[in-house]
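> Take this sequence and fold it.
(one chain, ligands or ions: 1)
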Amino acid sequence: MSAATDTGTAGIAADISTLEEQISAAIAGAADEAALEALRVSAIGKKGSVSELLKRLGAMTPEERQLNGPLINGLKTRVQEAIGTRRETLKSAALEARLAQERVDVSMPVREAAIAQGRVHPVSQVMDELTAIFADLGFTVAEGPHIETDHNNFTALNIPEDHPARQEMDTFYFEPREDGSRRLLRTHTSPVQIRTMMSQEPPIRIIAPGRVFRCDYDQTHTPMFHQVEGLVIDKSAHLGNLKWVLEEFLKAFFEVPNVTMRFRASHFPFTEPSMEVDIRCTRVGDELRIGEGEDWLEILGCGMVHPNVLRNVDLDPAVYQGFAWGIGIDRIAMLKYGIPDLRTFFASDLRWLRHYGFAALDMPSLAGGLSK
Ligand code: DAH
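Numbers count the residues shown, from 1 in each chain. Next comes the predicted model:
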């Protein structure tokens with residue numbers, strides 16, 4: 001202030017009115033609350049212009065102080081009030097501006113919940129469907145380990161050491177143990193037949209879905225894939241029962257009223273007789289219709305359990321008999337859901353899963369529908 005050295009009453013009064021004019025103009029011009037706060041500090045903060053004025057009281061005579069004190073304090077009070085009023089104005093203006101800018105578009109789609117975004121892989125879906133169908137037919141689910149003994153995977157299934165089927169299977173073997181035995185990654189779900197017959201008394205009615213492993217890779221083969229084994233053992237199970245079970249399963253699985261089946265003589269070491277089953281189909285453009293038509297589609301292998309297999313698990317073939325089958329899960333998933341390349345199943349591509357996957361909470365059931 002120009003009057004910093006002037007302690008006279010007239011000088012102070014002039015300083016006060018100049019200062020008040022400046023501060024008032026600055027308050028009116030403060031564009032936002034931050035600017036106003038800076039202004040408050042520069043006026044009535046510890047080192048502010050009004051506070052500096054108050055400090056001058058110390059150098060005055062008691063009479064001058066009595067006169068000037070109330071004047072300066074009056075200024076301080078008016079500045080405080082003016083700042084308060086301006087702050088309220090700025091606050092409500094800021095709120096108005098925000099309200100005008102922020103709008104909620106109530107017609108926008110709501111973001112999906114996490115549970116609705118996740119997808120069930122077609123292989124899991126098909127396993128759930130199989131389980132629902134066979135549970136309805138009185139079957140339970142059996143399981144076995146991926147790492148198997150040579151005995152369970154081959155020998156007990158009537159595939160001896162020198163049998164050509166061992167070479168055909170492209171087996172992944174582990175290093176031999178000290179006793180010479182070799183573990184392997186099971187090449188099919190059939191060893192679960194052995195495990196089940198070793199641990200349960202007939203009558204037996206099980207399915208065993210799960211992973212199997214073979215050293216093979218192209219459009220229709222991956223080193224890991226899925227099968228479902230079926231096994232029925234009792235005193236009277238016969239081929240007619242096998243045909244009925246398979247027909248009921250295929251109709252339910254493909255969700256069609258009829259399937260025409262063809263049983264072709266085949267060979268599996270663990271069944272006698274052995275058969276491969278084809279079902280009727282038609283191709284209409286890109287679409288494959290299953291159940292009826294002019295073409296045949298190979299779908300599974302089956303047969304009556306070989307007496308040697310029964311003997312290997314200490315069942316007397318003169319008393320017990322049964323039937324078994326094996327189906328490729330990935331293959332029937334591809335057929336049912338029109339998925340062209342097996343390798344994409346295991347590529348972990350989220351876009352693929354979003355396209356071919358299933359809603360997490362829609363559990364397949366015969367009553368509620370398998371796939372819809
Ligand atoms: N284990 C056979 C395979 O992997 C499939 C199979 C055929 C299983 C006939 C069976 C059966 O139980 O009876 O090729």
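> So which residues on the chain come close to the ligand?
With CB under 6 Å from any ligand atom as the criterion, the chain meets the ligand at residues H188, S190, E229, F268, T271, G301, C302, G303, A324, W325, G326. C-beta coordinates here come from the backbone N, C-alpha and C atoms, glycine included.
> Tell me which residues touch the closest residue in space to the fifth one that isn't next to it in sequence, please.
The shortest distance from T271 to any residue other than its chain neighbours is 2.6 Å, reached at G303 (CB to CB, 6 or more residues apart in numbering). With CB atoms under 8 Å, 6 or more residues apart in numbering as the criterion, the residues that contact G303 are S266, F268, F270, T271, E272, P273, S274, M275, F323, A324, W325.
> Who are the packing partners of the helix ranked longest in the chain?
If each helix of the chain is counted by residues according to DSSP state H, the longest one is helix 62-101. Judged by 3 or more CB pairs under 8 Å, 6 or more residues apart in numbering; DSSP states H and E, the packing partners of helix 62-101 are helix 9-29, helix 33-44, helix 49-55.
> Could you export those as TSV, including distance to V256, mean pLDDT and mean neighbour count?
Shown next, in TSV, are these (distance: least, CB to CB, whole Å; pLDDT from 0 to 100; neighbours: other CB atoms under 10 Å):
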stretch	distance to V256	mean pLDDT	mean neighbour count
helix 9-29	82	85	15
helix 33-44	72	92	16
helix 49-55	92	88	17
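> Could you give the bridge partners of the closest residue to the ligand within the chain?
Residue nearest to the ligand within the chain (CB to the nearest ligand atom): G326, separated by 2.5 Å. Taking DSSP bridges as the rule, G326 bridges to E229, G301.
> From what I see, it and E229 are in contact.
Yes: when contacts are counted by CB atoms under 8 Å, G326 is listed as touching E229 (5.4 Å).
> shared neighbours, the two?
Contacts common to G326 and E229, judged by CB under 8 Å, 6+ apart, are H188, T189, S190.
> Just among the residues you listed, which is most surrounded?
Ranked by neighbour count (other CB atoms under 10 Å), the shared contacts of G326 and E229 have S190 at the top, with 29 neighbours.
> mind checking how far that residue is from V141?
Taking CB to CB, to the nearest Å as the measure, S190 falls 16 Å from V141.
> Mind checking what helix or strand follows the helix or strand harbouring M127 in sequence?
Assigning secondary structure by DSSP states H and E places M127 in helix 122-136. Remark: after helix 122-136, the chain's next helix or strand is strand 140-141, criterion DSSP H and E.
> mind checking how far that following strand is from the chain centre?
26 Å (CA atoms, centre = their mean, to the nearest Å).
> Then stretch 315-328?
Remark: stretch 315-328 is offset 39 Å from the chain centroid, using CA atoms, centre = their mean.
> Kindly state the pLDDT recorded for the nearest residue to D295 once chain neighbours are set aside?
Excluding its sequence neighbours, the residue lying closest to D295 (CB to CB, 6+ apart) is C281, at 5.0 Å. Model confidence at C281, given as pLDDT, is 90.
> May I have the strands that pair with the host helix or strand of C281, each with its orientation?
Following DSSP H and E, one finds C281 within strand 271-284. Using DSSP bridges, strand 271-284 pairs in its sheet with strand 261-266 (antiparallel), strand 287-290 (antiparallel), strand 295-305 (antiparallel).
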